[in-house]
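> Sequence and predicted model, in that order:
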Amino acid sequence: MSALLEVEGLTTRFPGPKGGVPIVDGSSFTIDRGEVLALVGESGCGKSMTALSLMRLVPKPGRISDGRVLLGGRNLLELPVSEMRGVRGSRISMIFQEPMTSLNPVLRVGEQVAEAIRLHEKMSRGEARARALSLFMEVGIPDPEARLDAYPHQLSGGLKQRVMIAMALSTRPELLIADEPTTALDVTIQGQILRLLRNLQEQREMSILLITHDLGVVNELSDRVAVMYAGRIVESGDRAEIFRSPRHPYTLGLLRSNPALVAAGERLPEIPGVVPSPSEWPAGCRFRPRCRSAFDRCGREVPNATRLGEAHIADCHALEEGRPVGERV
Amino acid sequence: MSGSGGSPLLRVEGLRSWFPIRRGLLGKTVGHVQAVTDVDLEIQPGSTLALVGESGCGKTTVGRSILRLTPAQAGRVLFDGVDLLSLSRRALIPYRRQLQIVFQDPMASLDPRMRIRDAVAEGMRSFHIGANEAERTQRVAELLERVQLNPDQMWRYPHEFSGGQRQRICIARALAVEPRLIVCDEAVSALDVSIQAQILNLLGDLQRDLGLAYLFITHDLGVVRYLAQRVAVMYLGQIVEEGSTEQIFDSPRHPYTEGLLAAVPSVDPDQRGGMSGVEGDVPSPANPPSGCHFHTRCPAVFDRCRAEAPPLFSVGESRSRCFRSLPAGGLRVQSVLQSDRGLVRAANEDAHGQVTTPDGALLLVVADGVGGHVGGEVASQMALEAILEFAASSRAGPDDLLREAIAEANDRIMARGGREPELTGMGTTVVALLLARDGDAWTAHVGDSRAYRQREGHLEAITEDHSLVAELQHRGALSEEEAWSDPRRNQLTRCLGIRSEVEVDVARVEALPGDRFLLCSDGLSGVVKAPRIEALLAGEAIAVSAQGLVAAANDCGGPDNVTVALAWLS
């Protein structure tokens, strides 16, 4: 497989002391064509900011200060604004957690999808409507013809998310960024949307950057996983390998604190403390204050990538030095 | 109900909370949002009941109705035996102290302008806990420590805390008035998994140390398995299944519970499963579907589900609102089979047996061998074994299952009769009754062994004999009286073991509670007249009826082997 998206040293800062606070700090990852990469971590880890940076939609006063975002070999960060607008929505599309806030409440959903199509392609209203109808069918909206004329409030959460997906797909994007696409949905609807995304990805040979805090969703949908903590990617590898043999203490902690894996009555292995706010990120390894495997070096030096397998990497001093990691204390 | 014994701390009976939909200038009520309909629950002291369901299922309304934050139209909420819904506002006050609630969003449930110390102490002041403010401050410090917060932070405002810390504050506030039951309404749903683990551990510690009971309202089944002893699953305002946590997770009885469990994304790398589950959307609670509310999304739906609303069936310690959760559609089945050689015959050539199919249907079989006593005995036994074996491993529908099982029996008898000369010509009748899980009953028969159904004291033959006499009678050539004493009454027009293809009569018959089914060989039906059978079937105990029927055949001379199989529905 060839790389569709290569991100190198992406850094996004917000104003603050010492040249600003890097909300995304030197992130590097690649997404192959037809691959689903999951970016996983707790709230406030910089996942969504990474996605917005790829789209060059970082809210002010934040700015991308460093790095490269290569889409098919071209650096998106160097494109003129007008050209970037062409990339957005046509080569890269995005869907969000809360479909209600992404849809215009006073416009019929069919018109909104048709409008998105006509923004990127010259065609008549009738043609755009016909295209919207076929998209509605593709994303499994029941009674699609009637639903074209529905207003957002007349649709359930699951249907609204399907409309958002139809809109995102309308320009045949190569990369779909799905930011917590099922978090606001009930579990049965979540299953339906995950299955839909998987089918669409396979049929259209599209790449997906899946952003989520839910490891279950990661396991269901992704091919590869990148775990993010405090602005940095701390572990990445193939899905099965990450779930079978997680190595970074943070990944271990996330997986072990899942109540579904612990017998009733036993104590849940918790990660102590909380993700610190960006202005309070500690020196050295940012996970150190919450890490049970930390030692003196962790407070001084930023850990480097340690290769653990063919495509399995983790940034951890303890792993680098072959110290025990993730022993239950 | 919740089988764990002892008297419950909280018992909810028939709780109903409907919200009127008003239209027009005069606010005329045009319908109701049926948020909660006839909910029964029980929580033992110091234990956790999880109330699970998707958005709009009414789980939050149940919690709020228990606390009287939302009015209920009907039902009782018994706390220590006192009906909270019947109390005046003043009389309710002491109970408010014993029942507390923790919500999903701690930011929304804490006053942003109130310091943590005051938020936690507010309830204490209302209930006159602590002699003065200094004492209350001391107690707030203890409570904050109890929920693992630094007591020095009590003079801060809510926005200075993280989400997990704010939830700890809400828990401390609930604990401040020393409750015995806390309703946790999605209390950990908004938290990251690592923080969720911290709060769950805290709730577990508090339960153990203080003997708290929880009503844990959530959509997240992962949390439920960890925390709850019992689980109630809600769908469109009703409880659809209730049972121990183990039973719900390991052997769910309701298709909705099965679908919910299947939809939960798995973290097992070798097993991706969360993409299956339930199709479609939740219908509106203002206009729930007819019959079973879940029928529009149910993978196991059949006709009865659309027409008739299933009650909450009790199965052992658990309850399920599905016709399929019991054999014969929620009807209880008692069955007894009995056989006797009679007074004349040297051997018993009848055979009888019953089996439960993989789909949970109950199958009863009676076979009556013919063709000399060696062959007859072998044929009926072979037929029985073949049918039971087939049914024990077949998932075919009732019609196919019965036809194929009997065809298999015929094949085996034909084959053996061909191989062993002394058995050539052996054959057998067969009659079978299948009580399917969807509530239907099916009969299949070849020959003159019969099936009867007795309903409201009235006996009715539901099979027609494959015999010469029966056919003559059918054509009007013989009267019932003539047929009864006709010398040709043993001549069969159909039987297993004669031809390679056997024609089987399969029919679906209605089964209702109170119905009594009888299968028998002609040792009964050819000897004892219908009114006597009817009278014997009307008794109180099924075993007595079975014995009575066999004895009645022998009273009439016992000329033939007699076999009866009874299935009584209630």
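Done, it's in. Residues are numbered from 1 along each chain as shown, chains lettered A, B, ... in the order given.
> how about the helix or strand residue A:203 falls within, does it get close to chain B?
Assigning secondary structure by DSSP states H and E places residue A:203 in helix A:187-204. Yes - using Cβ under 8 Å from any Cβ of the partner chain, helix A:187-204 reaches chain B at A:187-192, A:194-195, A:198. (Each C-beta comes from the backbone N, C-alpha and C, glycine too.)
> Over to stretch A:225-245?
Yes - applying Cβ under 8 Å from any Cβ, one finds stretch A:225-245 in contact with chain B at A:239-244.
> So what sits opposite residue B:217 in the bridge?
As for beta bridges, residue B:217 partners with residue B:51, residue B:185 under DSSP bridges.
> got a list of what residue B:430 touches?
Neighbouring residues of residue B:430 by Cβ atoms under 8 Å, 6 or more residues apart in numbering or on different chains: B:365-367, B:383, B:387, B:406, B:409, B:444-447, B:449, B:496.
> With adjacent residues omitted, what lies nearest to residue B:248?
Once flanking residues are discounted, residue B:248 sits nearest to residue B:231: 4.4 Å by Cβ to Cβ, 6 or more residues apart in numbering or on different chains.
> For the helix or strand hosting that neighbour, output the C-alpha coordinates as CSV.
Following DSSP H and E, one finds residue B:231 within strand B:230-235. In CSV, the C-alpha atoms belonging to strand B:230-235 read as follows (Å, rounded to 0.1, in the frame of the first residue of the first chain):
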residue,chain,number,x,y,z
ARG,B,230,-29.2,-7.2,39.1
VAL,B,231,-30.1,-5.6,35.8
ALA,B,232,-33.3,-4.3,34.3
VAL,B,233,-33.4,-3.5,30.6
MET,B,234,-35.9,-0.9,29.4
TYR,B,235,-37.3,-0.3,26.0
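> Direction included, what does the helix or strand that contains residue B:77 pair against?
Assigned by DSSP H and E, residue B:77 belongs to strand B:74-79. Here strand B:74-79 has these sheet partners by DSSP bridges: strand B:10-23 (antiparallel), strand B:82-83 (antiparallel).
> Can you give the contact residues for the first one?
Residues from elsewhere that reach strand B:10-23, judged by Cβ under 8 Å, 6+ apart: B:28-43, B:58, B:61-62, B:65-66, B:70-79, B:181, B:213, B:215, B:286.
> thinking again about what came up before, could you single out the most deeply buried of the strands paired with strand B:74-79?
strand B:10-23 (a mean of 17; mean count of other Cβ atoms under 10 Å in any protein chain shown).
> Next, count neighbours for whichever residue of chain B sits closest to chain A.
The minimum distance from chain B to chain A, using Cβ to the nearest Cβ, falls at residue B:265 (2.8 Å). As a burial measure, residue B:265 scores 25 neighbours (other Cβ atoms under 10 Å in any protein chain shown).
> Enumerate every residue touching it.
A:190-191, A:194, A:214, A:216-217, A:219-220, B:273-274.
> on that earlier part again, and after the helix holding residue A:203, which helix or strand comes next?
strand A:207-212.
> Contacts for that next one next, please.
The contact list for strand A:207-212 (Cβ under 8 Å, 6+ apart) reads A:4-5, A:31-40, A:47-48, A:50-51, A:54, A:174-183, A:197, A:201, A:217-218, A:221-222.
> What of stretch B:185-194?
Counting by Cβ under 8 Å, 6+ apart, A:42-43, A:213-215, A:253-254, A:257-258, A:270-271, A:275, B:60, B:63, B:101-105, B:163-164, B:167, B:170-171, B:196, B:199-200, B:203, B:216-220, B:223 sit against stretch B:185-194.
> as a whole number, average confidence for stretch A:79-86?
Mean per-residue pLDDT for stretch A:79-86: 92.
> just stretch A:274-292 next, same as before
pLDDT averaged over stretch A:274-292 gives 90.
> What is the end-to-end distance of that stretch?
14 Å (Cα to Cα, to the nearest Å).
> Which positions in the stretch 201-329 of chain A make contact with chain B?
A:213-217, A:219-220, A:239-244, A:253-255, A:257-262, A:264, A:267-272, A:274-275.
> Provide a ChimeraX selection command restricted to the buried entries of these.
Selection of buried members from these for ChimeraX, criterion 16 or more other Cβ atoms under 10 Å in any protein chain shown:
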select /A:213,214,215,216,217,219,220,239,241,242,243,253,254,255,257,258,259,260,262,268,269,270,271,274,275
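> quick revisit: mind checking which of the contacts of strand A:207-212 are in helices?
When DSSP state H is applied, the contacts of strand A:207-212 are split such that A:47-48, A:50-51, A:54, A:197, A:201, A:217-218, A:221 fall in helices.
> Tabulate those residues (CSV), appending pLDDT.
Putting those into CSV (pLDDT from 0 to 100) gives the following:
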residue, pLDDT
A:47, 92
A:48, 92
A:50, 95
A:51, 94
A:54, 95
A:197, 93
A:201, 93
A:217, 93
A:218, 95
A:221, 93
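> where do the strands sit along the stretch 1-150 of chain B?
With DSSP state E, counting those that start in this stretch as the criterion, the stretch 1-150 of chain B has strands at B:10-23, B:28-43, B:48-52, B:74-79, B:82-83, B:99-102.
> Pipe those strands into JSON lines and attach mean pLDDT per row.
Putting those into JSON lines (pLDDT from 0 to 100) gives the following:
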{"stretch": "strand B:10-23", "mean pLDDT": "92"}
{"stretch": "strand B:28-43", "mean pLDDT": "91"}
{"stretch": "strand B:48-52", "mean pLDDT": "96"}
{"stretch": "strand B:74-79", "mean pLDDT": "94"}
{"stretch": "strand B:82-83", "mean pLDDT": "94"}
{"stretch": "strand B:99-102", "mean pLDDT": "94"}
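> picking up where we left off before, Throw the residues of stretch A:225-245 next to chain B into CSV and include secondary structure, distance to residue B:454 and pLDDT, thanks.
Formatted as CSV, the residues of stretch A:225-245 next to chain B follow (DSSP: H, G, I helix; E, B strand; the rest coil; distance: Cβ to Cβ, whole Å; pLDDT from 0 to 100):
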residue, secondary structure, distance to residue B:454, pLDDT
A:239, helix, 62, 95
A:240, helix, 61, 94
A:241, helix, 66, 94
A:242, helix, 65, 95
A:243, helix, 60, 94
A:244, helix, 62, 92
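> Could you save those residues as TSV and add columns showing distance to residue A:164?
Listed next are the residues of stretch A:225-245 next to chain B as TSV, based on distance: Cβ to Cβ, whole Å:
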residue	distance to residue A:164
A:239	25
A:240	30
A:241	32
A:242	28
A:243	28
A:244	33
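> Which elements pack onto the helix or strand containing residue B:409?
According to DSSP H and E, residue B:409 maps onto helix B:398-419. Packing contacts for helix B:398-419, counted by 3 or more Cβ pairs under 8 Å, 6 or more residues apart in numbering or on different chains; DSSP states H and E, involve helix B:373-393, strand B:427-435, strand B:441-446, strand B:505-509.
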